[in-house]
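Engineer: Quick one, what's the 3D model for this:
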Amino acid sequence: MGGDLADVRLWAGELAALHERFVHRFNRSEPRESALAYMRGLIAPLERKNGWTLAEEAGHDGPDRIQRMLNRIEWDADEVLDDVRDYVVEHLGDREAVLIVDDTGFLKKGVRSAGVQRQYSGTAGRTENCQVGVFLAYATGRGRTLIDRRLYLPTSWTDDRPRCRRAGIGDEVAFETKVAMAKAMVRKAIADRIPFGWVTADAAYGFSKGWRFELEQADVFHVMATTRHDTVVTRWALDHPVQDLFPGLPRQKWKRRSCGEGAHGRRVYDWARVEVRPWHREDRRHWVIARRSVSRPEEVSYYIAYLPAGTTLDELIRVAGSRWAVEECFQSAKQECGLDDYQVRRYPGWHRHITLAMAAHACLTVLRARELDTEKAETDPPSSSTSASPRSGA
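Structural biologist: Reported below is the predicted structural model:
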């Protein structure tokens, strides 16, 4: 019990320190206090995290104060998110970090919640009535957390401006594809000089030749999943299907490697790579990578990579495997920080709730990183070496 109490005091103190970074974003004391109480409630071990239970945890008579903070009082969730992201960079910043793009669904009933419609939800694995958020995760060897977000608005919403206005969506908010949202989030990370080394995403995003070209023009290294129907430039063709590059490859070109730990143990596959666009520049390379299932060799996934010359296959596998970190972020943020446990319908309210849930998740991630540092310091011998300072990935 004493250890549990110490843990509660630890995360409460760290959450208060994070909250101090953005209290100036609120003009009045009530929303300042409500934001901290809300984050404390999101982390608390409550069975359900709705307005009433969070208000009870905060000692309020009812949910009105929290609902005002989420829905009515003016404050800029994007500015708060910038402060949270700076906190993440300060504590986890790494020039070899990976930026990971992915989306997740939030199951909803009815038709009034901003962006809701019947659409595919990766969370449910099928088409459901849901909202979909596009997120940017920041993954390092010391921890991973979410640093940006956008609510996807289908054309059934953006083509109906009165419906948008009722949900708090301004007339200036136009339709954007999920890929366009991903581009905007990574552009912002580059412009704000977030230290990172790589970008990765699944095939729903990586299939975009336009986005891959944009990243290459900015000299941003990436390993992007794509589909077997994608094409690349080779010595033999301008539009060479990626799936045709590997059937004739010698057996010794395939390497059995793990790309990280999964829910059922190490993720082990057979990997191979083929260089493409060989006439580019001396210090950069383009590769197509194949990942083949060990137990079902007919199942092959593909990646397209842009990277420094001399990058090893093992490094490419590490970056490709890091994509699962965003799934772990979604799972832990939903289970531990109430990411999907909200009762707001309006567009600003969604971004406010998600931002505060991301702040709570970042806080827990930093605390776990510190705990790992302490454990490592207790087991490793002293070293005179120092780590390099982070640099921008742009």
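
Engineer: now the closest residue to residue 88 other than its chain neighbours: how far from residue 368?
Structural biologist: Spatial nearest neighbour of residue 88, chain neighbours left out: residue 362 (5.1 Å); criterion: Cβ to Cβ, 6 or more residues apart in numbering. C-betas here are computed from N, CA, C, even on glycine. Separation of residue 362 from residue 368 (Cβ to Cβ, to the nearest Å): 11 Å.

Engineer: do residue 128 as well
Structural biologist: Counting by Cβ to Cβ, the gap from residue 128 to residue 368 is 32 Å.

Engineer: Equivalent analysis for residue 211, please.
Structural biologist: For residue 211 relative to residue 368 (Cβ to Cβ), the value is 32 Å.

Engineer: Which of those two has more residues huddled nearby?
Structural biologist: residue 211 (21 against 14; other Cβ atoms under 10 Å).

Engineer: contacting residues for the more buried one?
Structural biologist: Applying Cβ atoms under 8 Å, 6 or more residues apart in numbering to residue 211 gives the contacts 179, 182-183, 205, 224.

Engineer: ok, which stretches of this structure are helices?
Structural biologist: 2-20, 29-43, 51-58, 64-71, 77-92, 155-158, 161-166, 178-191, 203-206, 209-217, 313-321, 324-337, 347-379 (DSSP state H).

Engineer: Please produce JSON lines containing the contacts of residue 211, extended by neighbour count.
Structural biologist: Formatted as JSON lines, the contacts of residue 211 follow (neighbours: other Cβ atoms under 10 Å):
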{"residue": "179", "neighbour count": "18"}
{"residue": "182", "neighbour count": "27"}
{"residue": "183", "neighbour count": "19"}
{"residue": "205", "neighbour count": "26"}
{"residue": "224", "neighbour count": "26"}
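
Engineer: ok, the residues you listed vs residue 99, which is closest?
Structural biologist: Checking those against residue 99 with Cβ to Cβ, the nearest one is residue 182 at 9.7 Å.

Engineer: Check whether residue 339 really touches residue 361, as I assumed.
Structural biologist: Yes. The pair residue 339 and residue 361 qualifies as a contact (Cβ atoms under 8 Å) at a distance of 7.3 Å.

Engineer: circling back to that earlier point, out of the helices of the chain, name the one with the poorest average pLDDT.
Structural biologist: The weakest mean pLDDT among the helices of the chain belongs to helix 2-20, with a mean of 76.

Engineer: Quick check: nearest residue in space to residue 202, chain neighbours excluded?
Structural biologist: residue 225 is the one closest to residue 202 (Cβ to Cβ, 6+ apart), at 4.8 Å.

Engineer: OK, contacts around residue 66?
Structural biologist: Contacts of residue 66 by Cβ under 8 Å, 6+ apart are 34, 37-38, 51, 54-55, 58, 60.

Engineer: Now do the contacts for the residue nearest to residue 202.
Structural biologist: By Cβ under 8 Å, 6+ apart, the neighbours of residue 225 are 200-203, 206, 301-303, 320, 323.

Engineer: mind listing which of the residues you listed are in strands?
Structural biologist: Residues of the contacts of residue 225 located in strands (DSSP state E): 200-201, 301-303.

Engineer: Same list (the residues you listed) but as CSV, adding distance to residue 349, pLDDT and neighbour count.
Structural biologist: Formatted as CSV, these follow (distance: Cβ to Cβ, whole Å; pLDDT from 0 to 100; neighbours: other Cβ atoms under 10 Å):
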residue, distance to residue 349, pLDDT, neighbour count
200, 31, 98, 27
201, 28, 97, 27
301, 38, 97, 17
302, 40, 98, 24
303, 37, 98, 26
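
Engineer: what's the single longest strand in this structure?
Structural biologist: The chain, longest strand under DSSP E: strand 126-140.

Engineer: Which of the residues in that one are classified as buried?
Structural biologist: 128-140 (16 or more other Cβ atoms under 10 Å).

Engineer: can these go into TSV with extra columns for pLDDT?
Structural biologist: Putting those into TSV (pLDDT from 0 to 100) gives the following:
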residue	pLDDT
128	93
129	94
130	95
131	97
132	97
133	97
134	98
135	98
136	98
137	98
138	98
139	97
140	96
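
Engineer: Between these, which sits nearest residue 21?
Structural biologist: residue 138 (16.7 Å).

Engineer: How much space separates the closest one from residue 104?
Structural biologist: Counting by Cβ to Cβ, the gap from residue 138 to residue 104 is 16 Å.

Engineer: burial of the residue nearest to residue 366 when sequence neighbours are not counted, as a residue count?
Structural biologist: Excluding the flanking residues, the one nearest residue 366 by Cβ to Cβ, 6+ apart is residue 91, at 4.5 Å. Look at residue 91: counted by other Cβ under 10 Å, it has 20 neighbours.

Engineer: again with the one 4 residues further on
Structural biologist: Close neighbours of residue 95, defined as other Cβ under 10 Å, add up to 15.

Engineer: Need the pLDDT of it.
Structural biologist: pLDDT for residue 95: 96.
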